[in-house]
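Participant: please find the sequence and the predicted model below.
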Amino acid sequence: MLLPLLAALAVAAAGPGCEPAGDPAGGCPRLSASDSATCVDLRLRTCGDAAYNQTAFPTPLEHRSQEAVESSSEYILLSVLHHLLEGQCNPDLRLLGCAVLAPRCEGGRVRRPCRHVCEGLRDACQPAFDAIDMAWPYFLDCGRYFGGEEEGCYDPLEKLRGGLDVEEALPSGLPPAFVHFAHHSYAQMVRVLKRTAARCSHVARTYSIGRSFDGKELLVIEFSGRPGQHELMEPEVKLIGNIHGNEVAGREMLIYLAQYLCSEYLLGNPRIQRLLNTTRIHLLPSMNPDGYEVAAAEGAGYNGWTSGRQNAQNLDLNRNFPDLTSEFYRLASSRGTRTDHIAIPQHYWWGKVAPETKAVMKWTRAVPFVLSASLHGGDLVVSYPFDFSRHPHEEKMFSPTPDEKMFKLLARAYADVHPMMMDKSENRCGGNFLKRGSIINGADWYSFTGGMSDFNYLHSNCFEITVELGCVKFPPAEALYTLWQHNKEPLLNFVEMVHRGIKGVVMDKFGKPVKNARISVKGIRHDITTAPDGDYWRLLPPGTHIVIAQAPGYSKVIKKVTIPARMKRAGRVDFILQPLGTGPKKSLQGPRRSGPGLRDPAGGAGPHGEPEELGRGPQRRQPGPDGSKPWWWSYFTSLSQHKPRWLLKY
């Protein structure tokens, strides 16, 4: 799909429109502002979701008709930016570009987009252009084509915010600590999270990990002693809801949990204060806000089993992650190969990868998560990896990870304190799991590939379980308070499990942290790696373990560790690695690969010594056929002299 779009972009470069080569700054001549204009309907498909519906000609780039705009290289660039930048800064950049190519017209007057919006987006998106060696587009020159607030500029991204900045009064003037047990629209959810973070600004903040396919922010609220910072030895936990848009209980539970953590912290609850002061907790209430809108339109109690389950691309997000489990089974049959931190195969990027999936994968790689839970609906049970059967043709087959004992403890930490999961009635929701203690190995329930839990375990240090919160996927509002009462303690109990096992720092003899060092446990074929500060966390069940720390260029260190059955705080086990002798350095054998893939996050890097961007394979950074141009320029080399050279950085 990308090749014909790029070819179209190259051909259009010779078409009508502004020729930036004539301008010393590399852009088109700046037009003087007109006091009046003739407004016409905006009929450009790429700009169809702009916050206005009328434009005017000529445009700031001297296009005098819609046809001239559509055939311009600038317009076609906007249509392929999503592919070129692999979903980053989408649809923000496209809407910013539309504000210049198709200026807003209202009341017979053209309005310019705001300069500060352009500057903020340029700072955020410049790294994405640098990653593919592409120049910042000349027509997004913030000083040339954008205006100041004093001249009545407008925010071209206002539609993306959807009125989220408008404060909403609490029902009946209730105090800010009040938790409203109701379903929350996207705008309401964002307002509640931001209001909660503002109330507890010393221990909370909100941030976005990306956007959904339809442009909604994937908003996270974080709680920690120092929001926005990873603290040495402080473990990180994430809870994710609404991965299936019509499974909404998890979405609401995390909204309520955020408010509860804030209120109880302010009230001096010692348990919550201790938890937030020793743990960094990230809550993503809705991973699939687009699917939720579809489900919510049908309403609670009327929602079908699948309506809104998928995202706006019709993709099931919990089947959209890379299948690393098949690769694990292949590697496990060979001795001497690592079966952890498996690289993403390059062929995965040839298929459809949802922006929501990509955002969560980047998030998982950016933060040293130790523990995670994904909240679903449709049954009442806690499942744990693997979700994909070790025999691909078996729909139900017990398929444990090397950390089976630990995963069972994590699942029981939730199920054992959930009143309905412990209900002894076989007629209750999820009664068929009663004899199993309401926990089950995922593949033993039903096998599927591309799940988020398997990906977490095999690609990172994170252990993730899946919680099915109830048999009704979209419960009525009157059931939400009871659901909260059933799940509040299980959620807290599960998060506290991140402090089980051992933790420590790996340093060299000078006290310098050793990042990406391997922490191995004898008898468990799954290593975890140290964070950039050299700290690590290894979830382990009670018992005696032989723990080994090793890194390239150092001698390995072995320690014997005993974890008491009732120990609820991670034991501190530090390692000091000694460098190998003056002879050649011995490298630890990494996992053997069957083909090219993304860099191994345990220590790989790109061709320039920097980590590869997620989804951008090494071959994309190679120069073009002439040896000096970026990879995408090869599509332009066979054309006439009118090439979009403004795309080149040099």
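Facilitator: Done, it's in.

Participant: run through the helices of the stretch 151-300 of the chain in chain order.
Facilitator: Listed in chain order, the helices of the stretch 151-300 of the chain (DSSP state H, counting those that start in this stretch) span 158-161, 186-199, 249-267, 270-278, 289-298.

Participant: of all those, which one is nearest residue 328?
Facilitator: helix 249-267 (27.0 Å; Cβ to Cβ). Using the backbone N, CA and C atoms, a C-beta is placed for each residue, glycine as well.

Participant: so for that closest one, what gets flagged as buried?
Facilitator: For helix 249-267, burial by neighbour count (16 or more other Cβ atoms under 10 Å) applies to 249-266.

Participant: and the angle from it to helix 270-278?
Facilitator: 100 degrees (axes from the mean of the first three to the mean of the last three Cα atoms, to 10 degrees).

Participant: same list (the helices of the stretch 151-300 of the chain) but as TSV, adding distance to residue 473.
Facilitator: Formatted as TSV, the helices of the stretch 151-300 of the chain follow (distance: least, Cβ to Cβ, whole Å):
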stretch	distance to residue 473
helix 158-161	28
helix 186-199	18
helix 249-267	8
helix 270-278	30
helix 289-298	8
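
Participant: worst-scoring helix or strand of the chain, pLDDT-wise?
Facilitator: When the helices and strands of the chain are scored by mean pLDDT, DSSP states H and E, helix 2-12 comes last with a mean of 51.

Participant: name the helices or strands packed onto the helix or strand just after that one?
Facilitator: Next along the chain after helix 2-12, taking DSSP states H and E as the criterion, comes strand 40-41. If you count contacts as 3 or more Cβ pairs under 8 Å, 6 or more residues apart in numbering; DSSP states H and E, strand 40-41 packs onto strand 54-55.

Participant: what about the closest residue to residue 441 other than its chain neighbours, which SS state?
Facilitator: In this structure, residue 441 finds its nearest non-sequential neighbour in residue 398, 5.4 Å apart by Cβ to Cβ, 6 or more residues apart in numbering. Look at residue 398: counting by DSSP: H, G, I helix; E, B strand; the rest coil, its state is coil.

Participant: does residue 398 touch residue 445 like I think?
Facilitator: No: using Cβ atoms under 8 Å, residue 398 is not in contact with residue 445, being 10.0 Å away.

Participant: higher neighbour count, these two?
Facilitator: Taking other Cβ atoms under 10 Å, residue 398 and residue 445 do not tie; residue 445 has more neighbours (20 against 15).

Participant: which residues touch the nearest residue to the more buried one once chain neighbours are set aside?
Facilitator: In this structure, residue 445 finds its nearest non-sequential neighbour in residue 383, 5.8 Å apart by Cβ to Cβ, 6+ apart. Contacts for residue 383 (Cβ atoms under 8 Å, 6 or more residues apart in numbering) come out as 411, 439, 440, 441, 442, 445, 465, 466, 468.

Participant: how near is residue 383 to residue 411?
Facilitator: 7 Å (Cβ to Cβ, to the nearest Å).

Participant: could you measure from residue 377 over to residue 430?
Facilitator: Relative to residue 430, and taking Cβ to Cβ, residue 377 is found at 11 Å.

Participant: mutual contacts of those two, please.
Facilitator: 468, 471.

Participant: show me which of the two is the more surrounded one.
Facilitator: More crowded of residue 377 and residue 430, by other Cβ under 10 Å: residue 377, with 24 against 20.

Participant: identify the residue spatially nearest to that one, adjacent ones excluded.
Facilitator: Closest to residue 377 by Cβ to Cβ, 6+ apart is residue 247, at 3.7 Å.

Participant: burial of the one you found, as a residue count?
Facilitator: So residue 247, with other Cβ under 10 Å, has 28 neighbours.

Participant: what sits against it?
Facilitator: Per Cβ under 8 Å, 6+ apart, neighbours of residue 247: 309, 375, 376, 377, 378, 473, 474.

Participant: swap the cut-off to 10 Å and go again
Facilitator: 241, 288, 291-292, 295, 303, 308-309, 318, 375-378, 468-470, 472-474 (Cβ atoms under 10 Å, 6 or more residues apart in numbering).

Participant: among these, which lie within helices?
Facilitator: Among these, the residues falling in helices (DSSP state H) are 291, 292, 295.

Participant: enumerate every residue touching the closest residue to the last one other than its chain neighbours.
Facilitator: Right, the one you point to is residue 295. Nearest residue to residue 295, sequence neighbours excluded (Cβ to Cβ, 6+ apart): residue 308, at 3.0 Å. If you count contacts by Cβ under 10 Å, 6+ apart, residue 308 has them with 242, 244-248, 288, 290-298, 473-474.

Participant: any idea of the pLDDT on residue 308?
Facilitator: Looking at residue 308, its pLDDT stands at 93.

Participant: next one: phi and psi at it?
Facilitator: phi 90, psi 0 (degrees, to the nearest 10).

Participant: could you do residue 231 as well?
Facilitator: Backbone torsions of residue 231, given as degrees, to the nearest 10, read phi -100, psi 140.

Participant: who are the contact partners of it?
Facilitator: 224, 225, 277, 278, 279, 280, 533, 535.

Participant: re the thing from before, go ahead and confirm the residue nearest to residue 441 touches residue 390.
Facilitator: Yes: assessed by Cβ atoms under 10 Å, residue 398 is found in contact with residue 390 at 8.6 Å.

Participant: pull up the overlap in contacts between the two.
Facilitator: Residues touching both residue 398 and residue 390 (Cβ under 10 Å, 6+ apart) are residue 443.

Participant: next, count neighbours for residue 112.
Facilitator: Neighbours around residue 112, by other Cβ under 10 Å: 20.

Participant: what's the closest non-adjacent residue to it?
Facilitator: Distances taken as Cβ to Cβ, 6+ apart place residue 147 nearest to residue 112, at 3.6 Å, with adjacent residues excluded.

Participant: swap in residue 234?
Facilitator: residue 280 (5.5 Å).

Participant: wait, the one you found sits on residue 227?
Facilitator: Yes: using Cβ under 10 Å, residue 280 is in contact with residue 227, at 8.5 Å.

Participant: same drill for the two, tell me which one is more crowded.
Facilitator: Neighbours were counted for residue 280 and for residue 227 using other Cβ under 10 Å; residue 280 has more, 25 against 19.

Participant: who are the contact partners of that one?
Facilitator: Contacts of residue 280 by Cβ under 10 Å, 6+ apart are 222-231, 234-238, 367-370, 498.

Participant: Provide a list of residues in contact with residue 257.
Facilitator: By Cβ under 10 Å, 6+ apart, the contact set of residue 257 is 179, 221, 223, 239, 241, 281, 283, 285, 484, 487-488, 491-492, 495.

Participant: closest to residue 211 out of those residues?
Facilitator: residue 285 (15.4 Å).

Participant: run a quick neighbour tally on the closest one.
Facilitator: 30.

Participant: how far away is the residue nearest to it when sequence neighbours are not counted from residue 230?
Facilitator: Excluding the flanking residues, the one nearest residue 285 by Cβ to Cβ, 6+ apart is residue 254, at 4.1 Å. With distances taken as Cβ to Cβ, residue 254 is found 21 Å from residue 230.

Participant: OK, contacts around the closest residue to residue 220 other than its chain neighbours?
Facilitator: Take residue 220 and drop its neighbours on the chain: the residue closest to it by Cβ to Cβ, 6+ apart is residue 284, 4.9 Å away. Taking Cβ under 10 Å, 6+ apart, we find residue 284 in contact with 209, 218-221, 238-243, 250-251, 254, 359-360, 363, 374.

Participant: and residue 284, what's its pLDDT?
Facilitator: 98.

Participant: from residue 370, how far off is it?
Facilitator: For residue 284 relative to residue 370 (Cβ to Cβ), the value is 16 Å.

Participant: residues in contact with residue 310?
Facilitator: 244-246, 288, 290-291, 294, 316-320, 354.
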